[in-house]
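>>> okay, predicted coordinates and the sequence, questions at the end:
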Amino acid sequence: MMHVSILVPESSVLQAIADPQYLFSAVNQFLAVAKLQSLFQVHLVGLKSQVKLNNGLYTVNPTHLIGEIEKTDLIIIPALFGDMKMAIDKNADFLPWIKEHYEKGTEVASLCVGAFLLAATGLLDGKKCSTHWGFQNEFRALFPKVEVVEGSILTEESRLYSSGGANSYWNLLLHLVEKYTDRPTAILASKYFAIDIDRESQSAFALFQGQKNHTDEAVRKAQDFIEKNIEERISIDELAEHVSLGRRSFERRFKSVTNNSVLEYINRVKIEFAKRNFENSRKNINEVMFEIGYTDTKSFRTIFKKMTGLTPVEYRNKYNKVMMN
């Protein structure tokens, strides 16, 4: 019997507690139908006997308090909600408990922005991690020793698991089911819950809003210039001259505060503009490509797929309702 401890933190997302409980319970039912022994014993583990979520709209009654769990095989940290720093502070008493069990051999999985609580333990320092694409900059600022894997649905390293944004955690849960049972059981679970079992990227869902949470005015000026001249082929030398900096100094400062090279940032701004066009207009691929300053179709397609996980045609077909009318 494998013991699964699903945490019930303050300021957490109810669905990210209920969904793993539902999944592992369903897998037990699948095994029972196959006349096999149930594998998972699932506990909801809290710091107190009653946890109110969503401003008191929901109440969760953990089955166990942390002091009552002597041994567990897997700890699941659900997604948090609201201010991440505040959520970590409210749940600080979980941190030594998670570390203690990890050091005893327990595996730990964070769902979506539950990665913030996992990272607060220090266990992710020097390791890779996935989290919601919309929180990556804040995560990096709080935990600079952790390597954020952009676009990834799930990351696994040294018995630590993390997942991308929102419903991406289902892919991590299916990955764990496959690991602890087998591929056919994981496929059955994916069909039962209507989840694409092998989805690998959250990039197609990401919105690039520019990394402007910094105080470097020269870099901010360059960012504004890029966004206002989306149709131009902008060179790094041109940008450096625009902000009165030498190229090497400009590139170093830009990378430091945005976590992107200048060229990466230019491409991300342009691709975000292209995505909006593919979603909301009848323009063809070439029209959109020329509007954002690309002239080479192969290059544009390569960059677009690298950043979204889809080709321009696939992206337009997936998200554009205008073209279907």
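Okay, I see it. Residues are numbered from 1 along each chain as shown.
>>> okay, CA-based contacts and neighbour counts for the rest of this
Fine.
>>> what ranges do the helices span in the protein?
For the chain, helices defined by DSSP state H occupy the ranges 14-33, 84-90, 94-103, 115-120, 136-142, 169-180, 183-192, 217-228, 236-242, 247-258, 262-280, 285-291, 297-308, 312-319.
>>> which one of those lies closest to residue 41?
Of all the helices of the chain, helix 14-33 sits nearest to residue 41, with 8.3 Å by Cα to Cα.
>>> how about low-confidence regions in the stretch 201-325 of the chain?
For the stretch 201-325 of the chain, the stretches flagged by pLDDT under 70 are 201-210, 321-325.
>>> about what we covered before: tell me the most buried of the helices of the chain?
Burial of the helices of the chain is given as mean neighbour count (mean count of other Cα atoms under 10 Å); helix 115-120 ranks first at a mean of 23.
>>> for that one, packing partners?
With contacts defined as 3 or more Cα pairs under 8 Å, 6 or more residues apart in numbering; DSSP states H and E, the packing partners of helix 115-120 are strand 74-77, helix 84-90, helix 94-103.
>>> how about residue 293: what's its closest non-neighbour residue?
Nearest residue to residue 293 in three dimensions, chain neighbours excluded: residue 231, at 4.6 Å (Cα to Cα, 6 or more residues apart in numbering).
>>> hang on, I meant residue 99
residue 121 (6.5 Å).
>>> count of residues packed around that neighbour?
By other Cα atoms under 10 Å, the residues close to residue 121 number 17.
>>> what's the answer for the one 4 residues further on, then?
By the measure other Cα under 10 Å, the count of residues near residue 125 is 15.
>>> which ones are touching it?
In this structure, residue 125 makes contact with 119, 143, 145-146, judged by Cα atoms under 8 Å, 6 or more residues apart in numbering.
>>> relative to residue 92, how far out is it?
Distance, residue 125 to residue 92, using Cα to Cα, to the nearest Å: 17 Å.
>>> over to residue 194?
35 Å.
>>> ok, those two, which is more surrounded?
residue 92 (16 against 10).
>>> read off the pLDDT value for the more buried one.
Note on residue 92: pLDDT of 97.
>>> residue 169 too?
Listed pLDDT for residue 169 reads 88.
>>> what's the separation between it and residue 29?
From residue 169 to residue 29 the distance is 21 Å (Cα to Cα).
>>> kindly format the C-alpha coordinates of stretch 302-314 as PDB.
The C-alpha trace of stretch 302-314 is given here as PDB (Å, rounded to 0.1, in the frame of the first residue of the first chain):
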ATOM      1  CA  THR A 302      10.700  27.800 -36.500                       C
ATOM      2  CA  ILE A 303      10.700  30.700 -34.000                       C
ATOM      3  CA  PHE A 304       6.900  30.500 -33.600                       C
ATOM      4  CA  LYS A 305       6.900  26.800 -32.900                       C
ATOM      5  CA  LYS A 306       9.800  27.100 -30.500                       C
ATOM      6  CA  MET A 307       7.900  29.600 -28.400                       C
ATOM      7  CA  THR A 308       4.400  28.200 -28.600                       C
ATOM      8  CA  GLY A 309       4.900  24.500 -29.300                       C
ATOM      9  CA  LEU A 310       2.700  24.800 -32.400                       C
ATOM     10  CA  THR A 311       3.200  25.900 -36.000                       C
ATOM     11  CA  PRO A 312       1.500  29.100 -37.100                       C
ATOM     12  CA  VAL A 313      -1.100  27.100 -38.900                       C
ATOM     13  CA  GLU A 314      -1.700  24.800 -36.000                       C
END
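>>> so how far is it off the chain centroid?
Computed by Cα atoms, centre = their mean, to the nearest Å, the chain-centroid distance of stretch 302-314 equals 19 Å.
>>> ok, residue 262 - contacts?
Counting by Cα under 8 Å, 6+ apart, the residues that residue 262 touches are 236, 251, 254-255.
>>> who's in contact with the residue nearest to residue 99?
So residue 121 contacts 95-96, 98-99 (Cα under 8 Å, 6+ apart).
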